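Colleague: coords below, sequence missing:
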């Protein structure tokens, strides 16, 4: 039986946030190519599956992206697709201070294209588009804290591909 009271929901949210942070720390320590990791707390779960192959001789301080999470979209337009934060951290629109943003409103993006970074515990986690579309709006500002599963930006479908 679950506790649906505000106190119970807050406790579950705190537990899940803590699990996210601990899972992220564990993944940072593991390095290499984690095939799959699943963490569940109450009705929430985290699943991570990294690419099985690394480019020979190349390593990166940027962790591979987590699998897309299934969450309800909160955009005003029903046909918009939310790109969401896979973890708690600070969202960055640019690869480094003073650099050009990864994407701007109106830009076309393709599946797998990097659209931002979420920094957590000094690790830069790539945020990639999980579908093709046109950047419609940013739900958070550059250098703003994001929560797990929070919408970062919204994509409008490209005519003929939806």
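Modeller: Cool, the structure landed. Predicted model, so just to flag it, every value in this text is computed and none were measured.
Colleague: got the contact list for the nearest residue to residue 116 once chain neighbours are set aside?
Modeller: With sequence-adjacent residues excluded and distances taken as CB to CB, 6 or more residues apart in numbering, residue 116 is closest to residue 127, at 4.2 Å. The way it works is simple: take the backbone N, C-alpha and C, and place the C-beta from them, glycine included. For residue 127, the contact set (CB atoms under 8 Å, 6 or more residues apart in numbering) comprises 65, 83, 85, 86, 91, 114, 115, 116, 117, 118, 152.
Colleague: element containing residue 23, please.
Modeller: Residue 23 is located in helix 6-30, with elements delineated by DSSP states H and E.
Colleague: one step back: any idea which of the contacts of residue 127 the model trusts least?
Modeller: For the contacts of residue 127, the weakest pLDDT value sits at residue 65, with 47.
Colleague: Residues touching stretch 85-96, excluding its own?
Modeller: By CB under 8 Å, 6+ apart, stretch 85-96 touches 17, 20-21, 24, 65-66, 69, 100-103, 116-121, 124-125, 127, 138, 140-152.
Colleague: Let me see the ranges of the strands in this protein.
Modeller: Counting by DSSP state E, the segments of the chain that form strands are 37-41, 44-48, 62-63, 81-84, 89-92, 108-109, 114-120, 123-128, 133-138, 144-146, 151-156.
Colleague: Now residue 113: closest residue in space, sequence neighbours ignored.
Modeller: The shortest distance from residue 113 to any non-neighbouring residue, by CB to CB, 6+ apart, is to residue 129 (4.9 Å).
Colleague: Now do that neighbour, the pLDDT please.
Modeller: Listed pLDDT for residue 129 reads 95.
Colleague: now residue 16
Modeller: In this model, residue 16 carries a pLDDT of 67.
Colleague: which secondary element of the protein has the worst mean pLDDT?
Modeller: Lowest on mean pLDDT, DSSP states H and E among the helices and strands of the chain sits strand 62-63, with a mean of 48.
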